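Novice: Quick one, fold the following:
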Amino acid sequence: MAFKRGLSDVLDAYEAGRVHTQRFQKNAGTAHALQWADCTFASGQPGYDARVGPAGSFTPAIASRNDAIYFPPILSGQERYLASSTFWARLASFNGEGSLVIFDLLGYYPLIDGDSTDDQAMDNTLPLPRYTSGEGVGIVVVNHIAPQLQAGTMTLTYTDQSDVQNTITVSVPAQGQNLVCSGQDAASLNTTTITLPLANGSRGVKRIDSVTFSTAPGGLFCFYLVKLLATSTFAGDNNVATEKSYLTQNGCAMPRIYDGAWVGWFDRIGAGTSRTVSWFGDLTFIWG
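Specialist: Numbers count the residues shown, from 1 in each chain. I've put the predicted structure just below:
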């Protein structure tokens with residue numbers, strides 16, 4: 001019987017032992033502030049992942065064992081939800097409060113050539129492993145493997161949830177290697193959005209078709225397709241952990257976690273000088 005997300009179902013799940021709390025620990029990664037960072041590019045548990053594969057080919061992300069945040073399998077007909085999270089950030093020194101966005105990585109296009117101004121066609125032989133309609137799926141741009149040299153501009157063509165092909169032209173700010181560079185926020189030279197803005201009428205992305213850099217930023221890029229699941233905050237104080245219940249503090253809407261979900265998070269330090277951040281915490285999953 002499907003999990004209806006009501007309070008009685010939540011209590012039943014805990015009482016029946018249909019609950020799992022999974023710890024995570026990430027060592028200090030790329031220094032950043034006022035920028036979104038993907039903690040995957042740091043050692044720890046889950047381990048470092050360089051997001052590699054055939055250049056320009058969609059590489060589905062299907063979590064197995066501890067390559068992403070682990071959760072146990074469930075029976076056919078049951079549904080799994082994220083019930084709560086705890087994040088503790090250790091910074092070199094206090095650097096202001098920050099923001100967190102938990103996401104399901106559906107897959108990525110690695111090793112996009114930032115030195116080329118030619119049209120780069122993407123290989124979409126493999127489809128989305130989850131959210132297959134593309135509804136609610138966003139594009140995240142990350143500079144990885146080789147650092148970019150300057151800010152750039154790109155024209156990207158994608159197919160949306162209605163199988164309509166759209167083209168957008170966006171900036172590629174020079175945020176730094178392993179950091180998100182999905183387009184400039186006019187309010188600050190140091191801040192980017194997480195996902196790219198889509199064309200009018202688009203409610204998600206089914207696949208990326210091609211990209212052309214009109215101003216080449218240099219380096220190599222990885223384009224993620226993600227489903228954003230939940231938001232939280234962290235204190236930026238080495239002595240404080242931030243806890244959030246997604247039933248009581250998220251409008252009684254717990255994020256659904258599908259089989260194979262590759263669960264990770266982006267973080268953004270809210271103020272001050274760039275710092276490295278190490279992480280410790282846990283996510284609690286319930287099902288029924």
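
Novice: Mind jotting down where the helices sit in the stretch 151-288 of the chain?
Specialist: In the stretch 151-288 of the chain, no helices are defined using DSSP state H, counting those that start in this stretch.

Novice: Who are the contact partners of residue 239?
Specialist: Applying CB atoms under 8 Å, 6 or more residues apart in numbering to residue 239 gives no contacts. C-beta coordinates here come from the backbone N, C-alpha and C atoms, glycine included.

Novice: and what of residue 64?
Specialist: By CB under 8 Å, 6+ apart, the residues touching residue 64 are residue 260.

Novice: Could you check how far it is from residue 70?
Specialist: Residue 64 is 9 Å from residue 70, where distance means CB to CB, to the nearest Å.

Novice: same thing with residue 7?
Specialist: 27 Å.

Novice: what residue ranges in this structure score low on pLDDT?
Specialist: Along the chain, the parts satisfying pLDDT under 70 run over 1-6, 94, 184-191.

Novice: For stretch 131-139, buried residues please.
Specialist: Neighbour-count burial for stretch 131-139 flags 131, 134, 137-139 (criterion: 16 or more other CB atoms under 10 Å).

Novice: Centroid-nearest residue for the chain?
Specialist: Nearest residue to the geometric centre of the chain (CA atoms, centre = their mean): residue 103, 4.3 Å.

Novice: got a list of what residue 93 touches?
Specialist: Applying CB under 8 Å, 6+ apart, the residues contacting residue 93 are residue 275.

Novice: picking that back up, neighbour count winner among residue 7 and residue 70?
Specialist: residue 70 (18 against 10; other CB atoms under 10 Å).

Novice: tell me the phi and psi of the closest residue to the more buried one other than its chain neighbours?
Specialist: Nearest in space to residue 70, with sequence neighbours left out and distances taken as CB to CB, 6 or more residues apart in numbering, is residue 22 at 5.1 Å. Backbone torsions of residue 22, given as degrees, to the nearest 10, read phi -110, psi 120.

Novice: Need the nearest residue in space to residue 182, chain neighbours excluded.
Specialist: Closest residue to residue 182 apart from its sequence neighbours, by CB to CB, 6+ apart: residue 141 at 4.5 Å.

Novice: who's in contact with the one you found?
Specialist: Going by CB under 8 Å, 6+ apart, residue 141 touches 172, 180-183, 196, 221-224.

Novice: try 6 Å
Specialist: 181-182, 223 (CB atoms under 6 Å, 6 or more residues apart in numbering).
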